[in-house]
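Okay, here's the prediction I keep looking at, along with the sequence it came from:
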Amino acid sequence: MTDRMSLTLAQADPEVAAALDQETLRQHEGLEMIASENFVSEAVLEAAGSIFTNKYAEGYPGRRYYGGCEYADIVENLARDRARQIFGGEHINVQPHSGSQANASAFAAVLQPGDTILGLDLSHGGHLTHGHRLSFSGKLYRTTFYHVRRDTETIDYDEMEAVAIQEKPKVIIGGASAYSRLWDFARMRQIADKVGAVYIFDMAHIAGLVAGGVHPSPVPHAQITTTTTHKTLRGPRAGLIISTQDLATAIDKSVFPGQQGGPLVHIVAAKAVAFAEALRPEFRAYAAQIVSNAKVLGEGLQAAGFRLVSGGTDNHLLLVDVFEKGILGSDAELALGKAGITVNKNSIPWDTNPPLKPSGIRVGTPALTTRGMKEAEMRTIASWIAEALERRGDDAALARIRGEVAEMANQFPLYAWRRAPVAVTA
Ligand code: PLP
């Protein structure tokens with residue numbers, strides 16, 4: 001190995017190393033409340049940063065287009081077997097590089113360009129890949145949408161059925177990025193069957209809750225279930241597809257060579273590690289704590305006078321209508337960021353404000369729950385959020401909260417190896 005090859009990151013690339021140190025500090029001393037984020041374990045991190053990144057392994061275990069794949073086969077088989085143990089399902093593909101690619105592959109397996117799909121409107125909580133015009137899904141396919149009801153802000157299955165009957169979609173896709181309630185998987189399957197559509201459910205946000213047994217599973221109902229592996233499931237940043245056996249070949253071909261080349265073997269290895277973690281009894285307790293934390297956080301915010309979309313949560317996230325208090329979601333995101341609390345601005349259903357200055361924020365508990373925070377911390381955080389939003393123009397107040405936030409965060413240690421010192425940035 002040349003000398004250059006054996007340098008540490010700090011020696012080889014101080015600029016990237018410095019950014020990494022800063023990010024390490026940010027993750028340690030802030031409160032990460034982006035609903036789609038989490039902290040992986042040291043073991044997952046080790047696999048994701050491993051020399052499997054060097055390996056090409058186009059094809060599937062036992063049927064590769066490259067030599068030297070015997071160990072790649074082992075980790076891919078482990079990932080598949082463990083995913084099947086967690087979720088059931090007849091066929092598993094662990095190769096999608098991301099949730100978007102999992103969805104692209106699922107669609108391509110059962111649709112031709114120009115075919116019609118029916119998904120949840122983005123502005124009502126859906127995902128870009130469920131038919132938005134700027135995504136491949138809206139460019140390749142004819143898209144139609146269902147929404148949430150105005151009165152309950154929960155999925156309008158009657159509208160879904162009416163649109164399905166009228167538009168005859170080939171695929172009906174469920175799942176969301178900003179929806180805090182349970183889905184009626186059986187009803188969706190009934191609607192899909194009625195119009196001869198394939199029912200796909202994208203469980204990206206809730207996969208960890210399903211794995212932990214605190215949320216019903218779409219797998220027995222949907223012909224295809226897609227997911228990311230990095231949200232509540234707490235694995236590396238990637239995707240996964242579960243399907244019925246009759247679609248197995250179409251799915252596998254659709255992922256490779258349809259959408260991707262070589263799988264990211266290091267990430268497949270990290271998925272195997274994360275799936276083993278999700279099979280452990282502690283993961284059930286973790287998933288239950290995520291939901292309990294979200295409920296308590298929601299109650300705290302309601303007590304402080306905030307309106308929650310749909311009135312509450314059944315899962316890991318809350319959609320908070322901050323505009324009811326005259327605050328734009330973008331201003332709320334900024335103020336909370338100054339206070340060391342990371343959330344994202346989000347449209348709410350029937351939003352009268354534009355997407356970049358929407359009426360809501362989305363707040364989630366998976367990452368903080370990984371750090372070991374429980375109900376008591378959620379109550380404190382709810383009061384910090386309320387105070388930071390109230391005093392959003394007062395930088396001194398926000399800095400003071402940031403100091404308190406860092407102090408609490410430091411009581412819930414994250415990675416032991418962090419290099420950067422703990423700095424309370426009040
Ligand atoms: N599906 C849903 C419901 C999501 O929320 C997301 C990401 O936020 C995705 C798919 C896309 O995942 P990725 O960012 O890995 O492409």
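That came through, no problem. Numbers count the residues shown, from 1 in each chain.

Tell me which residue in the chain sits closest to the ligand.
Closest to the ligand within the chain is G99: 2.5 Å, counting by CB to the nearest ligand atom. (Each C-beta comes from the backbone N, C-alpha and C, glycine too.)

quick one: the closest residue to that residue other than its chain neighbours from N103, how far?
Of all residues not flanking G99 in the chain, T228 sits nearest, at 3.6 Å (CB to CB, 6 or more residues apart in numbering). Distance, T228 to N103, by CB to CB, to the nearest Å: 10 Å.

what is in contact with those two at once?
G239 (CB atoms under 8 Å, 6 or more residues apart in numbering).

Among these two, which residue is more densely surrounded?
N103 (31 against 25; other CB atoms under 10 Å).

Test my guess that E161 contacts I191.
Yes - under the contact definition of CB atoms under 8 Å, E161 touches I191, with a separation of 4.8 Å.

So these two - more neighbours on which side?
I191 (25 against 19).

dump the residue contacts of the more buried one.
157, 160-161, 164, 172, 197.

any residues touching stretch 167-174, and which ones?
Applying CB under 8 Å, 6+ apart, the contact partners of stretch 167-174 are 103, 107, 110-111, 115-120, 130-131, 144, 160, 164, 183, 185, 188, 191-192, 195-202, 218, 222.

Among the residues you listed, the buried ones, what's the ChimeraX command?
For the buried members of these, the matching ChimeraX selection, counting by 16 or more other CB atoms under 10 Å, is:
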select :103,107,110,111,116,117,118,119,120,130,131,144,160,164,183,185,188,191,192,195,197,198,199,200,201,202,218,222
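
from the contacts of stretch 167-174, which ones fall inside helices?
Judged by DSSP state H, the contacts of stretch 167-174 include 103, 107, 110, 160, 164, 185, 188, 191-192, 195 as members of helices.

With pLDDT and distance to the ligand added, can I get these in JSON lines?
Below are those laid out as JSON lines (pLDDT from 0 to 100; distance: CB to the nearest ligand atom, whole Å):
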{"residue": "N103", "pLDDT": "98", "distance to the ligand": "6"}
{"residue": "F107", "pLDDT": "98", "distance to the ligand": "12"}
{"residue": "V110", "pLDDT": "98", "distance to the ligand": "17"}
{"residue": "M160", "pLDDT": "98", "distance to the ligand": "17"}
{"residue": "A164", "pLDDT": "98", "distance to the ligand": "20"}
{"residue": "F185", "pLDDT": "98", "distance to the ligand": "15"}
{"residue": "M188", "pLDDT": "98", "distance to the ligand": "15"}
{"residue": "I191", "pLDDT": "98", "distance to the ligand": "19"}
{"residue": "A192", "pLDDT": "98", "distance to the ligand": "18"}
{"residue": "V195", "pLDDT": "98", "distance to the ligand": "23"}
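
and these, which two are the farthest apart?
N103 and V195 (20.4 Å; CB to CB).

Mind listing residues that contact the longest helix along the chain?
In the chain, assigned by DSSP H, the helix with the most residues is helix 281-303. For helix 281-303, the surrounding residues in contact (CB under 8 Å, 6+ apart) are 180, 208-209, 211-215, 232, 234, 277, 308, 312-318, 320, 363-366, 368-370, 373-375, 378-379, 381-383, 385-386.

what residues does the protein put near the ligand?
Residues of the chain lying close to the ligand (CB under 6 Å from any ligand atom) are 36, 98-100, 103, 127, 129, 175-177, 202, 204-205, 228, 239.

let's see 5 Å
Listed as neighbours of the ligand in the chain under the rule CB under 5 Å from any ligand atom: 36, 98-100, 127, 175, 177, 202, 204, 228.

Can you flag the buried ones in those?
Buried members of these, counted by 16+ other CB under 10 Å: 36, 98-100, 127, 175, 177, 202, 204, 228.

if we can go back for a sec, average pLDDT for the helix or strand following the longest helix of the chain?
Downstream of helix 281-303, the next assigned helix or strand under DSSP states H and E is strand 307-308. In this model, strand 307-308 has a mean pLDDT of 98.

partner strands of strand 307-308, parallel or antiparallel?
Strand pairing for strand 307-308, using DSSP bridges, gives strand 317-321 (antiparallel).

Convert the C-alpha atoms of the partner strand to PDB, please.
Written as PDB, here are the backbone C-alpha positions of strand 317-321 (Å, rounded to 0.1, in the frame of the first residue of the first chain):
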ATOM      1  CA  LEU A 317     -44.100  11.900  14.300                       C
ATOM      2  CA  LEU A 318     -46.200  15.000  14.800                       C
ATOM      3  CA  LEU A 319     -47.300  17.500  12.300                       C
ATOM      4  CA  VAL A 320     -47.700  20.800  14.100                       C
ATOM      5  CA  ASP A 321     -49.800  23.600  12.700                       C
END
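
Next, the angle from that strand to helix 281-303.
Calculated by axes from the mean of the first three to the mean of the last three CA atoms, to 10 degrees, strand 317-321 forms an angle of 10 degrees with helix 281-303.

Name the surrounding residues that touch strand 317-321.
35, 125, 178-180, 205, 294, 297-298, 301, 306-310, 312, 346, 348, 359-365.

Can you say which of those residues are buried?
Using 16+ other CB under 10 Å, the buried ones in the contacts of strand 317-321 are 35, 125, 178-180, 205, 294, 297-298, 301, 306-310, 346, 348, 359-365.

For R4, list the residues it contacts.
Counting by CB under 8 Å, 6+ apart, R4 has contacts A12.

tell me which residues of the host helix or strand of G138 are tucked away?
According to DSSP H and E, G138 maps onto helix 136-140. Neighbour counts over helix 136-140 (16+ other CB under 10 Å) mark 136-138, 140 as buried.

Mind putting the residues you listed into a markdown table with pLDDT?
As requested, these are exported to a markdown table (pLDDT from 0 to 100):
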| residue | pLDDT |
| --- | --- |
| F136 | 97 |
| S137 | 96 |
| G138 | 96 |
| L140 | 98 |
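
Out of these, which comes closest to A269?
Checking the buried residues of helix 136-140 against A269 with CB to CB, the nearest one is F136 at 27.8 Å.

where's that closest one relative to Q101, distance?
Taking CB to CB, one finds F136 at 10 Å from Q101.
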